[in-house]
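[1] Dropping a prediction and its sequence here:
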Protein chains: 2
Amino acid sequence: MVTTRDTATRRAFRSWQLLAVVLCGLLCWSDASLAARDPLPSWNDGAARQQVVDFVKKVTTAGSADFVPPERRIAVFDNDGTLWAEQPIYFQFFFVIDQLKAQSPQHPEWKTTEPFKSALAGDLKGVAASGEKGIAQLVAATHAGMTSDEFAKSVEQWVSTARHPKTQRVFTEMVYQPMLELLHYLRDSGFKTYIVSGGGQDFMRAWAPAVYGIPPEQIIGSQGELKFELRDGKPVLLKTPKVALIDDGPGKPVGIERFIGRRPIFAFGNSDGDQQMLEWVASGDGARFAGLVHHTDADREWSYDRQSSVGKLDKALDEATSRGWTVVDMKKDWKVIFPAEK
Amino acid sequence: MVTTRDTATRRAFRSWQLLAVVLCGLLCWSDASLAARDPLPSWNDGAARQQVVDFVKKVTTAGSADFVPPERRIAVFDNDGTLWAEQPIYFQFFFVIDQLKAQSPQHPEWKTTEPFKSALAGDLKGVAASGEKGIAQLVAATHAGMTSDEFAKSVEQWVSTARHPKTQRVFTEMVYQPMLELLHYLRDSGFKTYIVSGGGQDFMRAWAPAVYGIPPEQIIGSQGELKFELRDGKPVLLKTPKVALIDDGPGKPVGIERFIGRRPIFAFGNSDGDQQMLEWVASGDGARFAGLVHHTDADREWSYDRQSSVGKLDKALDEATSRGWTVVDMKKDWKVIFPAEK
């Protein structure tokens, strides 16, 4: 934009600008030196923490061979099992079951039809036996036909009251404190943080912005087709049962390209569903960080990997070893798991 | 993130912070007062300009009943006919024809098969007669099977050399100077600017960031399915002929919800393909701006609306009148159309 500015005003403007730049520089230096003391207070000293800090330092140090300009500092995180817990089953599934229960009086046929029968009885194994198709049926039955606004409200309502069967915490307090610190640390270092999750995009967008400080437009997840419609002359967007993207496995790099349009330089996951995302990020040019959370703490959280039906970590763990990706051992690397209860 | 800070350091930190806040405030005031003089120098005084400025003032004035916090200041712009010209046919189509020509030696059958025959002969009417299906065939034949990186490079190459048949300008210099100023003005006022276009998402992302100052992740367009694949152990994303989203008409609010996840407060389009986007934006709560560019300048650009096969503006023009949306009369409202040639 070209505007005409008289010389005196320009000079005054430049003086303020210079002074502000100098002082902002001092402020940033001061802020950085404070943050550098302990950017990750819930992380124990160890290889994982050191690899994170070393990576952030080298890509943010001007003049470093690995320096990355801020607009390319893109970090992607899986959600289930990486930012919050996922046992005994993905938390969104508890939401679906509660929705089914609330809607069941209008659907007497659900009492005798699978997968509804098992879901209503809380029989997770029975539901799992119905496979992906069964789960898609449950999601479609409870979500489709709602407007985007109605759906967001129903999630907000649920997430503020429902509690985890084992810990009795609300689900948003089953996020990992060390990962909250990592998100802050990256953003303080000029990164743009994204969620790239197999979970429902609309489900996450209803609560994750407040919990993680990540805005809706940086939350990518599995998603259904929407339908635009006028209702009494007022436009609405309706959720439909048709799937638009399964943001898991090879769907993750696809979701990243579609939504972000450039390759992130930092990725964290915890399961085989994150393998292709980590491969995509790690194989770009220049410095790259690929990390996995390994669930090793049966006392404070859960311990599972190669044999688990939820959050199975097998092939990706082998690849992490062979490629030198960072693996977080929850038991050893994290001082605390969950934040203090509010 | 909780960190322990000793008292002396905190005090020093606060002093710097206070000083910097004061000086940044002065700087911003100085910057704002300069910008306020002439945020839109290529716009003539008139209703359209006034409505834009009034809207921006009321949503950015703290304490105003219409104040909107920065994170909700989302503005969406159509591209073809709104940010750059679109006659005698969408510019992406010239790219497709050039791609066809380059690839035609490997496809002798194109010489005798429609829509390839017409496209190679530059017969735009013949191509148009093949309908949407024909155009999709052309796009699929030239784009599918390329990796995302290869495609981006081919667009970059083309856009730096190809010239418009009438003006002989490179296409990126057929953007509208008044709209470039509007994008800057909105961003200076704390807005996040997005493109929401029926054009190809990957096509736009290859050149629009440098031209409009809008990063790839804020460019939403029509898009095909991608396929993740390992080639010699290295992951690639391949473009496929399968359509994932036609980001036009009712597809625009769908694209907005899918990518942004909240309703913009400001929208600009120029054709019936933007009608549902404008309806979606205008029908939200609080202050809203919906605008249309009306092509009325046959001398400096083109003059077309209700009868045009490209950028038809008919129903949306009626709705703009009945709902009081802003309509830009290019001939009267814009001092210049295109930026000075470089």
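    Done, it's in. Everything quoted here is computed from the prediction, not taken from an experiment.

[2] Surely A:Arg300 is in contact with A:Ile337?
    Yes: with contact defined as CB atoms under 8 Å, A:Arg300 counts as touching A:Ile337 (4.7 Å). Glycine gets a C-beta too; all of them are placed from N, C-alpha and C.

[3] For those two, indicate the residue with more neighbours.
    A direct count of neighbours by other CB atoms under 10 Å in any protein chain shown for A:Arg300 and A:Ile337 places A:Ile337 higher, at 19 against 13.

[4] How about the contacts made by that one?
    A:176-178, A:297, A:300-301, A:330 (CB atoms under 8 Å, 6 or more residues apart in numbering or on different chains).

[5] again, only this time at 10 Å
    For A:Ile337, the residues meeting the contact criterion (CB atoms under 10 Å, 6 or more residues apart in numbering or on different chains) are A:42, A:85, A:174-179, A:297, A:299-301, A:330-331.

[6] The residues you listed in helices, which ones?
    Using DSSP state H, A:177-179, A:330-331 are the members of those that sit in helices.

[7] Which parts of chain A are strands?
    All strands of chain A, identified by DSSP state E, fall at A:74-77, A:192-200, A:219-231, A:234-245, A:266-269, A:289-294, A:326-329.

[8] and the closest residue to A:Ala152 other than its chain neighbours, what does it touch?
    Nearest-residue entry for A:Ala152: A:Ala206, 4.7 Å, with adjacent residues in sequence omitted and distances by CB to CB, 6 or more residues apart in numbering or on different chains. If you count contacts by CB under 10 Å, 6+ apart, A:Ala206 has them with A:95, A:151-159, A:200, A:216, A:219, B:261.

[9] Of those, grab the buried ones for ChimeraX.
    Here is the ChimeraX command that selects only those of these that count as buried (16 or more other CB atoms under 10 Å in any protein chain shown):
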select /A:95,151,152,154,155,158,159,200,216,219 /B:261
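
[10] In JSON lines, list the contacts of A:Ala206 along with pLDDT and distance to B:Asn270.
    Putting those into JSON lines (pLDDT from 0 to 100; distance: CB to CB, whole Å) gives the following:
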{"residue": "A:Phe95", "pLDDT": "94", "distance to B:Asn270": "42"}
{"residue": "A:Phe151", "pLDDT": "95", "distance to B:Asn270": "32"}
{"residue": "A:Ala152", "pLDDT": "96", "distance to B:Asn270": "31"}
{"residue": "A:Lys153", "pLDDT": "96", "distance to B:Asn270": "35"}
{"residue": "A:Ser154", "pLDDT": "95", "distance to B:Asn270": "37"}
{"residue": "A:Val155", "pLDDT": "97", "distance to B:Asn270": "36"}
{"residue": "A:Glu156", "pLDDT": "97", "distance to B:Asn270": "37"}
{"residue": "A:Gln157", "pLDDT": "97", "distance to B:Asn270": "40"}
{"residue": "A:Trp158", "pLDDT": "97", "distance to B:Asn270": "42"}
{"residue": "A:Val159", "pLDDT": "97", "distance to B:Asn270": "41"}
{"residue": "A:Gly200", "pLDDT": "93", "distance to B:Asn270": "35"}
{"residue": "A:Pro216", "pLDDT": "98", "distance to B:Asn270": "27"}
{"residue": "A:Ile219", "pLDDT": "98", "distance to B:Asn270": "31"}
{"residue": "B:Gly261", "pLDDT": "97", "distance to B:Asn270": "25"}
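
[11] In the contacts of A:Ala206, find the pair that's most separated.
    Maximum pairwise distance among the contacts of A:Ala206 (CB to CB): 19.1 Å, between A:Gln157 and A:Ile219.

[12] Of the contacts of A:Ile337, which are in range of chain B?
    Among those, the ones lying near chain B by CB under 10 Å from any CB of the partner chain are A:42, A:177.

[13] Closest one of the contacts of A:Ile337 to B:Pro105?
    When the contacts of A:Ile337 are compared for distance to B:Pro105, the smallest value, 54.0 Å, is given by A:Met179; criterion: CB to CB.

[14] ok now do the closest residue to the closest one other than its chain neighbours, which residues does it touch?
    Nearest in space to A:Met179, with sequence neighbours left out and distances taken as CB to CB, 6+ apart, is A:Leu83 at 5.1 Å. Residues in contact with A:Leu83 (CB under 10 Å, 6+ apart) are A:77, A:174-176, A:179-180, A:182-183, A:195, A:197, A:204, A:208, A:211-212, A:214, A:268, A:270, A:293.

[15] Just the buried ones out of the residues you listed, please.
    The neighbour-count criterion (16+ other CB under 10 Å) marks A:77, A:174-176, A:179-180, A:182-183, A:195, A:197, A:204, A:208, A:211-212, A:214, A:268, A:270, A:293 among these as buried.

[16] Please identify which residue in the stretch 101-250 of chain A comes closest to chain B.
    Residue of the stretch 101-250 of chain A nearest chain B, by CB to the nearest CB: A:Pro216 (3.2 Å).

[17] which residue packs closest to that residue, ignoring adjacent ones?
    The shortest distance from A:Pro216 to any residue other than its chain neighbours is 3.2 Å, reached at B:Gly261 (CB to CB, 6+ apart).

[18] Look up how far A:Glu217 lies from the one you found.
    Shown here: B:Gly261 relative to A:Glu217, a distance of 6 Å by CB to CB, to the nearest Å.

[19] which residues do these two both contact?
    A:205, A:209.

[20] from what I can see A:Val76 touches A:Arg288, true?
    No: judged on CB atoms under 10 Å, A:Val76 makes no contact with A:Arg288 at a distance of 11.7 Å.

[21] Compare these two and say which one has the larger neighbour count.
    Ranked by neighbour count (other CB under 10 Å), A:Val76 and A:Arg288 place A:Val76 first, with 29 against 20.

[22] So what sits opposite that one in the bridge?
    Taking DSSP bridges as the rule, A:Val76 bridges to A:Tyr194, A:Ala267.

[23] Break down the stretch 1-150 of chain A into its helices, ranges please.
    In the stretch 1-150 of chain A, helices defined by DSSP state H, counting those that start in this stretch lie at A:7-37, A:47-60, A:91-103, A:116-120, A:124-129, A:131-143, A:148-159, listed in chain order.
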